[in-house]
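Undergrad: Provided below are the primary sequence and the corresponding predicted coordinates.
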Amino acid sequence: MSNDIQKPYDVAIIGGGVTGTALLYVLSRYTNLQKLVLLDKYKELAQVNSHFNNNSQTLHFGDIETNYSLAKAREVKKAASFLAGYAEKYAKDAILLSHKMVLAVGDEEVSELERRYDEFREVFPNLKKIYRDEIFSLEPNVIKGRDLKQKVLALLSEKGYAINYQKIAISFAREALKQEKEIDIFLGRSAISVLRWDDWWKILTPDGEIFAKTIVVAAGPHSLIFAKSLGYGKELGILPVAGSFYKASNFLRGKVYTMQIKKLPFAAIHGDPNVNDPTETRFGPTAKVLPLLERHNWHTLPDFLETSVFTLCGVQSLFKIIIDKTIFWYVVKNLMFDVPWFGKRMFLKDAQKIVPAIKLTDLKYGIGLGGVRPQVVNTKQQKMEMGEAKIIGEGIIFDITPSPGASVCLDNARKNAIELGKFLKNYEFDEKKFLKDHKFEY
Ligand SMILES: Cc1cc2nc3c(=O)[nH]c(=O)nc-3n(C[C@H](O)[C@H](O)[C@H](O)COP(=O)(O)OP(=O)(O)OC[C@H]3O[C@@H](n4cnc5c(N)ncnc54)[C@H](O)[C@@H]3O)c2cc1C
């Protein structure tokens, strides 16, 4: 099926996870664009990293994530607030509210968390320091069985959001379709390639061509493949880091994060109630390097090979990253977590840092759970890039979205809506209304 070549779409979005659907929602509602299309290769929206099984289901604000600097936390807080504002209005069924905390165990971690509290309370005035007794009253299983000599401290926020990002994506699409505009959502339709076609873009799909004035590729790590095919992002590669989860019964009432391992971009293991079934506690995610762009999908092995990590520069970069002692042992340990029999025993120690009395028999490996974080590697500078990557080309934008990509999806859509103004004539984006409609005090 082709759209009318004389009347191309204003914007075509490739990818129907939270990033793509958030953009469809923002463009449909806050711009004067009339013709929009979104396509995804799967038959349903949000089947990859935005699926509820595949991520940690956390709306990150930056207060309990000790892998964030203050500047990053400030930025994430602002971005996540838009999504909280949206969910409170339009997708209440996608959220689960509870307290949340980050737990420090032992002298070193406790003094690091004390220092962090002093630095962060300006941005997060509601963050509270709580000690053993208060932790016990909120999360008894975090204290039960813990050595009395072991120092503990937690930073508590009363406002913790567990979030089903798949439901959010579906809700974005539903809200977009309510607008009286020409909006098409093609599911089960893969973008094979993207080409310049006079002043427009042409997307080749198995069911015909799609023409658009501008394109936003929100296809997770696959965005980089499209970018490279058009000569962008040559210096970037993807290191796919899969995250697995273990399941247990009802051990925790809210999210309990642990202190970050320095030098690593990923959040340390945490325990939290499953957003779809709060009587289940999930522990994870682990961090296992895998040669796949999608978890459990070996068809994405060739795609991984296209993302540059297997060039000379890519291999040199990986070597330089992995040679660091902390990273090396972290990678080895995380590879072991998925080894049958042995992995669960190793993981138990990490889970016991959160719930000391948890036993081996309480933990069950979450078969099929966990996505792949597309860790962006700069093969020129031979280092990992922290956070999301956005490549802006001529009339085209590519988004690669590791965590906290889902939390910041609406703000990312806002940024893309601004960028699109540089490519489209007579374009209007009512940012003021967007900000007003998604106002949320955290
Ligand atoms: C283990 C783990 C834990 C995480 N925890 C959190 C968390 O707690 N909070 C948080 O904010 N973030 C978290 N993240 C990150 C978060 O899941 C992602 O940032 C977010 O889901 C990215 O959304 P997306 O729409 O960009 O990508 P995706 O959800 O992966 O969507 C990309 C879409 O593009 C489609 N696509 C790909 N190629 C094509 C093609 N050729 N044609 C058409 N369609 C295509 C795919 O089918 C898919 O639907 C976590 C990630 C992992 C892996």
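TA: Noted; the coordinates are in hand. Numbering: from 1, shown residues only.
Undergrad: Can you show me the strands along the stretch 251-400 of the chain?
TA: Under the criterion DSSP state E, counting those that start in this stretch, the stretch 251-400 of the chain contains strands at 255-258, 270-274, 277-284, 288-289, 364-365, 372-378, 383-384, 389-392, 396-400.
Undergrad: Oops, could you answer that again for the stretch 101-250 of the chain instead?
TA: For the stretch 101-250 of the chain, the strands defined by DSSP E, counting those that start in this stretch occupy 128-130, 152-163, 182-187, 193-197, 200-205, 208-217, 236-242, 246-248.
Undergrad: what's the residue of the stretch 151-300 of the chain at minimum distance from the ligand in contact with, if anything?
TA: Closest residue of the stretch 151-300 of the chain to the ligand, Cβ to the nearest ligand atom: residue 243 (2.8 Å). To be clear about C-beta, it is placed using only N, CA and C from the backbone, and glycine gets the same treatment. Residue 243 makes contacts with 55, 56, 266, 284, 285, 286, 287, 288, 370, 371, 372, 373, as judged by Cβ atoms under 8 Å, 6 or more residues apart in numbering.
Undergrad: Repeat the analysis, applying 10 Å as the threshold.
TA: Neighbouring residues of residue 243 by Cβ atoms under 10 Å, 6 or more residues apart in numbering: 49, 54-56, 266-267, 269, 284-288, 295, 334, 369-373, 403.
Undergrad: which one of the strands of the stretch 251-400 of the chain has the lowest average pLDDT?
TA: Lowest mean pLDDT of these: strand 383-384, a mean of 83.
Undergrad: In its sheet, which strands sit next to that strand, and in what direction?
TA: Strand 383-384 sits in its sheet next to strand 372-378 (antiparallel), going by DSSP bridges.
Undergrad: Report the inter-axis angle for the partner strand versus strand 236-242.
TA: Strand 372-378 runs at 150 degrees relative to strand 236-242, counting by axes from the mean of the first three to the mean of the last three Cα atoms, to 10 degrees.
Undergrad: If you count neighbours, what's buried in stretch 211-229?
TA: Neighbour counts using 16 or more other Cβ atoms under 10 Å place 211-228 of stretch 211-229 among the buried residues.
Undergrad: can you narrow the residues you listed to ones near the ligand?
TA: Contacts with the ligand are made by 218, 219, 220, 222 out of those, judged by Cβ under 6 Å from any ligand atom.
Undergrad: what's around residue 204, how many residues?
TA: Per other Cβ atoms under 10 Å, the neighbour tally for residue 204 reads 14.
Undergrad: Quick one: residues in contact with stretch 127-137.
TA: By Cβ under 10 Å, 6+ apart, stretch 127-137 touches 61, 63-64, 99, 101-103, 110, 113-114, 116-118, 120-121, 138-139, 142-144, 146, 148, 150-158, 256.
Undergrad: Which residue does the stretch 301-442 of the chain have closest to the ligand?
TA: Nearest to the ligand, among the residues of the stretch 301-442 of the chain, is residue 405, at 2.3 Å (Cβ to the nearest ligand atom).
Undergrad: one step back: distance check, the nearest residue to the residue of the stretch 151-300 of the chain closest to the ligand once chain neighbours are set aside against residue 203.
TA: Excluding the flanking residues, the one nearest residue 243 by Cβ to Cβ, 6 or more residues apart in numbering is residue 285, at 2.7 Å. Note on residue 285: its distance to residue 203, by Cβ to Cβ, to the nearest Å, is 33 Å.
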